[in-house]
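In: Task: produce atomic coordinates for the following.
(chains A and B)
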Amino acid sequence: MSTGFSSLNTALNGLSAAQRALDTTSQNIVNANTPGYSRQRVLLESVGNTPEASFHTGSAAVVGGVRVTDVSRIRDAFLEGTRAAAGAKQASIGSQLDILNGAQQLLAEPGDTGMQATVDSFYASWHDLANNPTDTAAGSVVIQRGIAVADQLHYVVDGIAAQWTTAHDNLVDVVAQTNQAAADLAKLNESIQEGTSAGQPVNELMDTRDTLVRKLATLVGGSSSMDQQGRVSGGVNGINLVSGNIHQTMVLTGGNDVSTVSADPPGLRIGAFAVPVDSGQAAGMLAAMRTDLPALTDKVNTVAASVIGIVNGVYSTGYAQDGSTGNAFFGGTDAHSIAVVPTQGAQLSIAAAAGTVDGSIAAHLGDLADDATSATALGRPGPSAQWRQMTGTLGVQAQSLTTGKSVQDAVVSAAEDAVQSNAGVNLDEEMTNMMLFQRAYQASARVITTIDETMDTLINRTGKVGL
Amino acid sequence: MSRITQRTISDTALRGLQANLSRMQTLQNQLSSGKQISQPSDDPSATVSAMTLRSRRTSDEQYLRNIDTASGRLTVTDNALVQLSDRLRAVRDLVIQSRNGGLGTESQAALSANVKAIKDEVVDLYNTTYLDRPIFGGTIGGVTTIDASGTYLGNDQPVNARISSDAVLRIDVSGTAAGANTVPGMIDQVAANIASPTGATDADLSNIDGAVSQVLQSLGDVGARSARISTTRDMVDSHRLDLTSRISINEDVDMPQAMMNLSAQQVGYQAALQSAAKIQQVSLVDFLK
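Out: Numbers count the residues shown, from 1 in each chain, chains lettered A, B, ... in the order given. Predicted structure coming up:
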């Protein structure tokens, strides 16, 4: 049978439930702008009577009040996963684009300081020398412009190598961050499991864990799954990095110089397995390091070899003032080793025959500025045409990555909005909830007062008639 | 979107502001550099054409320099040939004068000396140089076409210059064609004949006439080439100007349009700022007491 005291208890339940709900609301409000925070909701359950008890004791139904069953985290794993995957792809494109943009800066095209302009003025200086073959100053200009061509090739090829090294350093850092995140994730799995079994609130830890999972996706394109014990496993393309409270170590393999790429390409490895990375920062860096920068280096070397070949091919047919012939203007074989051989403007082999003063070979060298002439001399497109093609190809590649990145930015924004829409804190909503629970608290308090007054009547006034 | 939070509103506002700012920066870059293309990825095909056009313009500028050298050399050659023909006519006059009857041996010796003096002038003219190169000597190592003993040293090798992408022009005159190998000796012979008792002969006159016509022929040749140079110069120059304007069209920013875009962008940016400020000011908190 019901006693007045059970109502007091019911009201007390109401007070503590409202209190708990207000706690949760304030936690939501203060964390409205905390990165990675998911809003929380108090799940309430009315406590009903116990039919079995009444069956045995014959007592009337007992109204039990309200109970907080859980403070749950509002979160959609699918939306989170979409956001992580979109972020990973964005990071991949972004890191590759950064490297290619750096390479574009190196080329300094189109402009007056690019390779095209340098080579053109080199060819032009040969014509000036042809116009005035005995002018040693014109000869010195030719040598200086030749040195400028060699220097520019050195600058570009060294710049590409430096970019490769920077990318390698960054990748080392990415791998270190990945391992740190994996270790943290394993530790959090353990803490969360312990907390859950001890009935401790673990929502904030789970938010931190989700942030780590997202970080893994951004770094190396990691994906995650949850096991039955509520532990998150993280891996890259099916190779486990974290499972439960155990984490593996990712290592960066391969050479640490652009010249060793073909023999020993850089790659990632977890334990015995090579990791195929296709998104995340690491993927963009690896793509640039394995393919883009080595290809660019090869092309610059080909241009250098073509310049050396085409200029020496004509130059070697000329005779110097001392009667020597078969000389080389450029030494070396590629963009690293190219160098100008003659040191004196008067030593140049520009005459068509021994013992004559003649600039016809210099004029032929100047004619190489013409694409058709140099293509005929080389048997394939000349160095300028190769350089332009290389610049155009790099431009197209960077352009398509730029477009891809802006598309991916939009995708990430949409995914971010979707996650926020689900898990974000809406202050208006929290204010409304606050009022709701405040009122509930007030009402429960009112119930206690009412019961108290009732009891007062019963206990203190009973039997006191007419007083 | 089903559920909007303060955070989504501020994120959206921030993204809008970022996008606006980034477009403003692009426009600002274009306006301050005056270029549409700052790196190849801005427009790969325009980059490649920019490089090609600039390369051709450099070539054209070089052709114009070559043309200047060529025309300078041809002008000097032209002057030398004109003077040569004058000298040869003077010799002819002296020969005719010497064949007037009644001249004494002394007068004839004087005429002969006169002819010899002219021969020295002729040799000097054949030794004319341009930029330290003998203009009638071909590609010989030295700078003297006819040495002190009167021997012709020239090798008649052509000196050429590229005056346009598809034209190479010979810019000297073969010493043999201009008579550098025969004329000084012929004049010596004439001088000797004048001084001799027999006097100058008809053969001398016809030799001189032959030399004059040889020189005039070279002169005509030089004139024709000068004419060709001046038409080529006009052609190359107009081609260069054409390239310059195409480079400008290809690379340069259309300033009025860029300014208009910038103002439009600024209006957009201000609108975004204002709306963001207004929306984020209010929430239910403001209305609760």
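In: Would you mark the buried spots in stretch B:92-108?
Out: B:92, B:94-95, B:98-99, B:103, B:108 (16 or more other C-beta atoms under 10 Å in any protein chain shown). Heads up, the C-betas are built off the backbone N, CA and C, glycines and all.
In: Among the residues you listed, find the lowest-pLDDT one for me.
Out: Taken together, the buried residues of stretch B:92-108 show their lowest pLDDT at B:Leu103, with 78.
In: can you give me the helices for the stretch 51-200 of chain B?
Out: B:105-126, B:183-195 (DSSP state H, counting those that start in this stretch).
In: winner for burial among the ones you listed?
Out: Of all the helices of the stretch 51-200 of chain B, helix B:183-195 carries the top mean neighbour count, a mean of 21, counting by mean count of other C-beta atoms under 10 Å in any protein chain shown.
In: Provide the contact partners of that one at residue level.
Out: B:84, B:88, B:91, B:94-95, B:98, B:108-109, B:111-113, B:115-116, B:118-119, B:122-123, B:126, B:146, B:150, B:199-201, B:204, B:207-208, B:211, B:214-215 (C-beta atoms under 8 Å, 6 or more residues apart in numbering or on different chains).
In: ok so, going back, could the helices of the stretch 51-200 of chain B go into CSV alongside distance to A:Ala88?
Out: Compiled in CSV, these are given as follows (distance: least, C-beta to C-beta, whole Å):
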stretch, distance to A:Ala88
helix B:105-126, 83
helix B:183-195, 89
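In: quick one: contacts for the closest residue to B:Thr58 other than its chain neighbours?
Out: Excluding its sequence neighbours, the residue lying closest to B:Thr58 (C-beta to C-beta, 6 or more residues apart in numbering or on different chains) is A:Asp120, at 4.0 Å. Taking C-beta under 8 Å, 6+ apart, we find A:Asp120 in contact with A:369, A:384, B:54-55, B:58-59.
In: re earlier: out of the helices of the stretch 51-200 of chain B, nearest to A:Asp169?
Out: Nearest to A:Asp169, of all these, is helix B:105-126, at 72.0 Å by C-beta to C-beta.
In: Output that closest one as CSV, nothing but the C-alphas.
Out: Below are the C-alpha coordinates for helix B:105-126, written out as CSV (Å, rounded to 0.1, in the frame of the first residue of the first chain):
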residue,chain,number,x,y,z
THR,B,105,107.9,62.6,-120.9
GLU,B,106,107.9,64.7,-117.7
SER,B,107,104.2,65.2,-117.9
GLN,B,108,103.7,61.5,-118.6
ALA,B,109,105.9,60.6,-115.6
ALA,B,110,103.8,63.0,-113.5
LEU,B,111,100.5,61.4,-114.8
SER,B,112,102.0,57.9,-114.1
ALA,B,113,102.9,59.0,-110.5
ASN,B,114,99.4,60.3,-110.2
VAL,B,115,98.0,56.9,-111.2
LYS,B,116,100.3,55.2,-108.7
ALA,B,117,99.1,57.4,-106.0
ILE,B,118,95.5,56.5,-106.9
LYS,B,119,96.5,52.9,-106.8
ASP,B,120,97.6,53.3,-103.2
GLU,B,121,94.2,54.8,-102.5
VAL,B,122,92.5,51.9,-104.3
VAL,B,123,94.5,49.4,-102.2
ASP,B,124,93.4,51.3,-99.0
LEU,B,125,89.8,51.1,-100.1
TYR,B,126,90.1,47.4,-100.7
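In: helices or strands next to that helix in the packing?
Out: helix B:44-98, helix B:183-195 (3 or more C-beta pairs under 8 Å, 6 or more residues apart in numbering or on different chains; DSSP states H and E).
In: quick one on the thing from earlier: spell out which helix or strand contains the residue nearest to B:Thr58, please.
Out: Taking DSSP states H and E as the criterion, A:Asp120 maps to helix A:115-131.
In: still on that earlier bit, distance to A:Ser279 for the helices and strands packed on helix B:105-126 - can I get that in TSV?
Out: Below are the helices and strands packed on helix B:105-126 laid out as TSV (distance: least, C-beta to C-beta, whole Å):
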stretch	distance to A:Ser279
helix B:44-98	26
helix B:183-195	86
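In: closest to B:Ser238 out of those?
Out: The closest of these to B:Ser238 is helix B:44-98. By C-beta to C-beta, the value is 9.8 Å.
In: Could you check the angle that closest one makes with helix A:115-131?
Out: 10 degrees (axes from the mean of the first three to the mean of the last three C-alpha atoms, to 10 degrees).
In: who does helix B:44-98 touch, helix- and strand-wise?
Out: Packed next to helix B:44-98, using 3+ C-beta pairs under 8 Å, 6+ apart, are helix A:115-131, helix A:383-423, helix B:105-126, strand B:129-130, strand B:160-164, helix B:183-195, helix B:202-251.
In: Does the next helix or strand after the second one reach chain B?
Out: Note on helix A:383-423: by DSSP H and E, the next helix or strand toward the C-terminus is helix A:427-456. Yes. Helix A:427-456 is in contact with chain B by C-beta under 8 Å from any C-beta of the partner chain, via A:427-428, A:431-432, A:435.
In: which residue is nearest the middle of chain A?
Out: The centre of chain A sits closest to A:Ala91, judged by C-alpha atoms, centre = their mean, with a distance of 2.7 Å.
In: For the host helix or strand of that residue, what does the pLDDT average out to?
Out: Assessed by DSSP H and E, A:Ala91 sits inside helix A:77-107. Summarised as a single mean, pLDDT over helix A:77-107 is 94.
In: One more: stretch A:334-346?
Out: On average, stretch A:334-346 scores 94.
In: And that stretch, end to end?
Out: End-to-end distance of stretch A:334-346: 27 Å, with C-alpha to C-alpha, to the nearest Å as the criterion.
In: got the contact list for that stretch?
Out: Contact with stretch A:334-346 is made by A:135-143, A:146-147, A:149-150, A:153-154, A:156-158, A:297, A:300-301, A:303-305, A:307-308, A:321, A:327-332, A:348, as judged by C-beta under 8 Å, 6+ apart.
In: what about burial for these, which qualify?
Out: A:135, A:138-143, A:146, A:149-150, A:153-154, A:156-157, A:297, A:300-301, A:303-305, A:307-308, A:321, A:327-330, A:332, A:348.
In: Out of the residues you listed, which sit inside helices?
Out: Among those, the members found in helices (DSSP state H) are A:138-143, A:146, A:149-150, A:153-154, A:156-157, A:297, A:300-301, A:303-305, A:307-308.
In: ok, the residue nearest to the centre of chain A touching A:Asp278?
Out: No. Look at A:Ala91 against A:Asp278 with C-beta atoms under 8 Å: they stay out of range, at 11.9 Å.
In: I'd like the distance between A:Leu394 and A:Thr291.
Out: With the distance defined as C-beta to C-beta, to the nearest Å, A:Leu394 ends up 12 Å from A:Thr291.
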